[in-house]
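Q: A structural model of the following input is requested.
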Amino acid sequence: MRTSVKAALHAEAPLDSILLQGWVRTRRDSKTFSFLEVNDGSCLKGIQVIADAALPDYAHIHQATTGASIEVRGQLVASKGQGQKWEVVASSFKILGEAPADYPLQKKGHTLEFLREIAHLRPRSNLFGAVFRVRSRLAYAIHQFFQDRGFVYVHAPIITASDCEGAGEMFRVTTIDPAQPPRGKDGAVDHTQDFFGKPTYLTVSGQLEAEVFACALSNCYTFGPTFRAENSNTSRHAAEFWMIEPEIAFCDLRGNMDLAEEFVKYLIRDVRTHCAEDVEFFSKFVDKELNARLDFVLEKPFQRVTYDEAVEILLQSGRSFEFPVVAGQNLQAEHERYLTEEHFKSPTTVYNYPKAIKPFYMRTNEDGRTVAAMDVLVPGIGEIIGGSQREERLEVLQENIRHHGMAEKDYWWYLDLRRYGSVPHAGFGLGFERMLMFVTGVGNIRDAIPFARTPGTAEF
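A: Residues are numbered from 1 along each chain as shown. Below you'll find the predicted structure:
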């Protein structure tokens, strides 16, 4: 049975027989033996293999180049070298797959831009092996958090006819021939002849569907891919990304903020506990301030401040921001970071935003000017969670839909939730990649997702 490198490195006693399979990171030869570092992706470190020149297969040792895959049988013994507890003395080895000299991941430094061009190979690098191990653990922790609290996991549809955010930045899904689309009497494209009989799109959010289940099962969450046809080339935006969106029935804005803050701290603690080696790697080679920033969020209570108070703090700060602070407009990342890193010196939740800049589904406050919305801000990133109490009053929701220029008939089912047993409820969205960026220190969303989808890029 194959033993993973991680299991071998954490063994409690020597093993008389071990089978390793992995990829060669480095090889050093002497007259009588060779040292090979073998890694199989199970952990950051590789394990040293000693191949004696007397082995029957030693004549093929020259094929064990960087990137080649090999199989090693031998003994796990205490290492005589420093910095490693165990090593493997090979009794046989086999070349499974050669890697010629043009293998792109030779043992040297590589730029992130270069590694993005070889996204099919970059998981073999130390950095991206660590990133995607943490991504896997973080996904598990998300499910564990909600499952332990009695939430029901809901699979929201990826194809939808509803624009949750009302921004119009959606990818069209169609089987219509673009060269010869069917047309109606008015000359416009006849969407009734399309596959779904109407215009459909890739979803920007699973929230509306999650509300359906929250109004039946009380607490639920979605976790899946979402899409934005936004022509943005910043380090924080991608056309395809994953979202976690819980919805909680019988919950107000305060309860929503409590859950969001608890959620962020839980995820950080889990990654710290279960991915300690990888986090240490990030703190040494990616972001030397990473551990301090994670401690910052874990150890300090979240400050809560209204949008109006936040704007006043920013205006009185005396800071010259790249984007001027304007009351009634969205806060920029630099404003959010100032609040957390310099003013409050703690994670911060901003709430009660102007109604004019928020989507139709957010609950209107008694002042008629603001909505019960909230953004959770952390240092280094700014907004990491956005959410709100949802509008549960039928007449108010209908007016919001009309005000946003949307058609009530397209949301008949969503309005039905307010007609039949409506309840106060709330929820939020956490961008999975943005959370991964925060816990790893990786600065570009393209490096937090296996195969990035950005304007002009859909490789692999």
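Q: May I see the buried residues of the top strand by length along the chain?
A: Among the elements of type strand in the chain, defined by DSSP state E, the one spanning the most residues is strand 15-29. The neighbour-count check on strand 15-29 (16 or more other C-beta atoms under 10 Å) flags 18, 20, 21, 22, 23, 24, 25, 26, 27 as buried. No exception for glycine: its C-beta is placed from N, CA and C like everyone else's.
Q: Pick out whichever of those residues sits closest to residue 402.
A: The nearest member of these to residue 402, counting by C-beta to C-beta, is residue 23 at 59.7 Å.
Q: Not counting its neighbours along the chain, what's nearest the closest one?
A: Leaving out its chain neighbours, the residue that sits closest to residue 23 by C-beta to C-beta, 6 or more residues apart in numbering is residue 69, at 5.3 Å.
Q: part of a strand, is residue 114?
A: No. Judged by DSSP: H, G, I helix; E, B strand; the rest coil, residue 114 forms no part of a strand; its state is helix.
Q: Verify the stated contact: the residue nearest to residue 23 with residue 25.
A: No. No contact is recorded between residue 69 and residue 25 when judged using C-beta atoms under 8 Å, the distance being 11.7 Å.
Q: Following element in sequence after the helix or strand harbouring residue 213, please.
A: Using DSSP states H and E, residue 213 falls within helix 207-217. Downstream of helix 207-217, the next assigned helix or strand under DSSP H and E is strand 219-227.
Q: That following strand vs helix 207-217, what angle?
A: 160 degrees (axes from the mean of the first three to the mean of the last three C-alpha atoms, to 10 degrees).
Q: Which neighbouring elements make contact with strand 219-227?
A: Counting contacts by 3 or more C-beta pairs under 8 Å, 6 or more residues apart in numbering; DSSP states H and E, strand 219-227 packs against helix 126-148, strand 152-153, helix 207-217, strand 240-249.
Q: Next, the buried residues of stretch 77-96.
A: Residues of stretch 77-96 classed as buried by neighbour count (16+ other C-beta under 10 Å): 86, 87, 88, 89, 90, 91, 93, 95.
Q: For the third one, which residues are in contact?
A: Right, the one you point to is residue 88. 8, 18, 20, 38, 47-50, 72, 74-77 (C-beta atoms under 8 Å, 6 or more residues apart in numbering).
Q: change it to 7 Å
A: 18, 20, 47, 49, 72, 74, 75, 76 (C-beta atoms under 7 Å, 6 or more residues apart in numbering).
Q: wait, is it part of a helix?
A: No. Assessed by three-state DSSP, residue 88 does not belong to a helix; its assignment is strand.
Q: Tell me the pLDDT of it.
A: At residue 88, the predicted lDDT confidence score is 97.
Q: in the sheet, who's paired with the residue nearest to residue 23?
A: Beta-bridge pairing for residue 69 (DSSP bridges): residue 23, residue 97.
Q: unless I'm mixing things up, it is touching residue 96, no?
A: Yes. If you go by C-beta atoms under 7 Å, residue 69 and residue 96 touch, sitting 4.2 Å apart.
Q: Quick check, pLDDT for residue 199.
A: Residue 199 carries a pLDDT score of 92 in this model.
Q: and what of residue 403?
A: pLDDT, residue 403: 91.
Q: That one: neighbouring residues, count only.
A: Applying the criterion other C-beta atoms under 10 Å, we find 11 residues in the vicinity of residue 403.
Q: Quickly note the distance from it to residue 356.
A: Relative to residue 356, residue 403 is positioned 9 Å away (C-beta to C-beta, to the nearest Å).
Q: Over to residue 239?
A: Residue 239 is 27 Å from residue 356, where distance means C-beta to C-beta.
Q: out of those two, which sits in the more crowded spot?
A: residue 239 (21 against 11).
Q: who's in contact with that one?
A: Contact partners of residue 239, counting by C-beta under 7 Å, 6+ apart, are 227, 228, 229, 453, 454, 455.
Q: Could I have the buried ones of those as PyMOL selection syntax?
A: For selection in PyMOL, the members of the contacts of residue 239 meeting the burial criterion (16+ other C-beta under 10 Å) are listed in this command:
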select buried, resi 227+228+453+454
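Q: quick one on the thing from earlier: most tightly surrounded among the helices and strands packed on strand 219-227?
A: Per residue and on average, the most neighbours among these fall to strand 240-249, with a mean of 23 (mean count of other C-beta atoms under 10 Å).
Q: Using PDB, write out every CA atom in that strand.
A: As requested, C-alpha coordinates have been extracted for strand 240-249 and formatted as PDB (Å, rounded to 0.1, in the frame of the first residue of the first chain):
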ATOM      1  CA  GLU A 240     -16.000  33.200 -12.000                       C
ATOM      2  CA  PHE A 241     -15.600  32.800  -8.200                       C
ATOM      3  CA  TRP A 242     -17.200  30.800  -5.300                       C
ATOM      4  CA  MET A 243     -19.600  32.200  -2.800                       C
ATOM      5  CA  ILE A 244     -20.800  31.100   0.600                       C
ATOM      6  CA  GLU A 245     -24.300  32.500   1.300                       C
ATOM      7  CA  PRO A 246     -26.200  31.600   4.500                       C
ATOM      8  CA  GLU A 247     -29.800  32.600   5.100                       C
ATOM      9  CA  ILE A 248     -31.300  32.700   8.500                       C
ATOM     10  CA  ALA A 249     -35.000  32.900   9.200                       C
END
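Q: Contacts for that strand next, please.
A: Strand 240-249 is contacted by residues 142, 146, 151, 205-207, 210-211, 214-215, 218-227, 255-256, 259, 423, 425-433, 449, 453 when judged by C-beta under 7 Å, 6+ apart.
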